[in-house]
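K.L.:
no sequence for this one, just the structure:
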């Protein structure tokens, strides 16, 4: 199933270009508006090279599996020949099924009887009585690689992708065979089909609630701070509240000089290099602060990106394809989690839809105690499904950001946000 990007409506392409700085000069050069393009440094990387994953993230190398730019994952495989009925250790299988170090455990998606650990998910069906419903051969084959039975499944290919060995899957099947009685939760908070989303009444614009607002203050200071060549952002854009009132809502955009999509953060890196000689690399504290400030100026503006050019249209098509691309050892795509499994619980976390994932970035991520921009969120999604991350200025992330932004057209900016 392909996600179709919604149509983009902008009243004037020229006005949009002026707003985002692709066309237009300094405030003192009003006569040049429509004739000049924003200076950009276009040769160097906008993030550190060689790229190294953040030190507090898992450091495993999943080189044998797909990323957004490399094909490495093994194809669908048939289960190996085993003797039926399955002879396995049910107690070992139970421990494996509940082991969160193996891709989040089966309980991330399934209820599995009375011994189910706390906060199970409901992306997959309740398995409390599966042992009375399916034969051994079906159970073994489905755990090995469910794609043989259901090509649209979101279940990881546990055997094909070597998350579990054949002997371990035998043990898991032995455990599944013990599950023969439907289970009813006494606690509605534990039941993923009755569990309610906790209310979120935090005020994202209150610094006592949202520490990302301290970065807003830093961004204001950086905006007027002279760079190594004596110029600052304010040298050309003296009235940011007016000149950038809608700029961030029109980003990202396709940059023909680089044949790639630039988001706010990469644009700031490259424009600052060309105009102030500052080098605020992506994911740096300064880059995030400036991004938050200029996005905050545009709060309330409606997201409306332009995809009318041939380059932008091609980037959007690539981005839509990437939304569907399975990556990592768990073999998940964006739409697996945020379309096929949307509005369900994966363990204790709610999976939202793709439409609704944008507008608040950069945001303060409470579970990490850090400010993250959208590109870092992309990186984490990859690592979470056991796929090697890409540098934040990767063209693939640009295409993905454009596709996601188009799906969120019409929403309002509200930066910085706050969330789990």
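P.N.:
Perfect, I can see it now. The shown structure was predicted, so the numbers you read here are calculated from the model rather than taken from an experiment.

K.L.:
quick one: the strands in the protein?
P.N.:
253-255, 260-262, 344-346, 349-351, 363-365, 370-372, 417-419 (DSSP state E).

K.L.:
which residues of the protein score low on pLDDT?
P.N.:
1-36 (pLDDT under 70).

K.L.:
quick check, central residue of it?
P.N.:
residue 378 (3.6 Å; CA atoms, centre = their mean).

K.L.:
for residue 216, give me its contacts.
P.N.:
289, 292, 293, 296, 416 (CB atoms under 8 Å, 6 or more residues apart in numbering). The C-beta positions use only the backbone N, C-alpha and C, and glycine is treated the same way.

K.L.:
what about the third one, distance to residue 286?
P.N.:
Put plainly, it is residue 293. From residue 293 over to residue 286 the distance is 11 Å, taken as CB to CB, to the nearest Å.

K.L.:
please apply the same query to the last one.
P.N.:
Using CB to CB, we find residue 416 at a distance of 15 Å from residue 286.

K.L.:
which one of the two has more residues nearby?
P.N.:
Higher neighbour count among residue 416 and residue 286: residue 416, with 29 against 20, using other CB atoms under 10 Å.

K.L.:
thought that one was touching residue 362?
P.N.:
Yes: with contact defined as CB atoms under 8 Å, residue 416 counts as touching residue 362 (5.6 Å).

K.L.:
which residues do the two both contact?
P.N.:
212, 215, 292, 295, 371.

K.L.:
for the residues you listed, which one is nearest residue 162?
P.N.:
Checking the shared contacts of residue 416 and residue 362 against residue 162 by CB to CB gives residue 371 as the nearest, at 35.8 Å.

K.L.:
number of residues surrounding the closest one?
P.N.:
The burial count assigned to residue 371 is 25, neighbours taken as other CB under 10 Å.

K.L.:
hmm, it is touching residue 210, no?
P.N.:
No: contact status for residue 371 versus residue 210: not in contact, 9.7 Å apart, counting by CB under 8 Å.

K.L.:
list residues touching both of the two?
P.N.:
Residues touching both residue 371 and residue 210 by CB under 8 Å, 6+ apart: 364, 416.

K.L.:
can you give me the helices for the protein?
P.N.:
13-20, 90-97, 136-145, 166-176, 213-224, 233-236, 240-243, 264-275, 285-297, 310-323, 334-335, 374-384, 395-407 (DSSP state H).

K.L.:
now do the contacts for the nearest residue to residue 126 once chain neighbours are set aside.
P.N.:
Using CB to CB, 6 or more residues apart in numbering and skipping residues adjacent in sequence, the residue nearest residue 126 is residue 111, 4.5 Å away. By CB under 8 Å, 6+ apart, the contact set of residue 111 is 120, 122, 126, 127, 128, 183, 192.

K.L.:
now rank those by neighbours and give me the top one.
P.N.:
Neighbour count (other CB under 10 Å) singles out residue 120 as the most crowded of those, with 28 neighbours.

K.L.:
backbone dihedrals for it, please?
P.N.:
Here is the backbone geometry of residue 120 (degrees, to the nearest 10): phi -70, psi 160.

K.L.:
start at 32, not 1
P.N.:
Happy to do that; since the first residue is 32 now, the last one works out to residue 151.

K.L.:
contacts only, for it.
P.N.:
Neighbouring residues of residue 151 by CB under 8 Å, 6+ apart: 138, 139, 141, 142, 143, 221, 223, 376, 378.

K.L.:
end to end on stretch 236-255, go ahead and measure it.
P.N.:
Stretch 236-255 has an end-to-end distance of 23 Å (criterion: CA to CA, to the nearest Å).

K.L.:
measure how far that stretch is from the centre of its chain, please.
P.N.:
Per CA atoms, centre = their mean, to the nearest Å, the displacement of stretch 236-255 from the mean C-alpha position of its chain is 24 Å.

K.L.:
what do you get for stretch 388-402?
P.N.:
Stretch 388-402 has its average C-alpha position 11 Å from the chain's average C-alpha position, going by CA atoms, centre = their mean.

K.L.:
next one: stretch 193-207
P.N.:
In terms of CA atoms, centre = their mean, the centre of stretch 193-207 is found 31 Å from the chain centre.

K.L.:
and residue 284, how far is that from residue 336?
P.N.:
7 Å.
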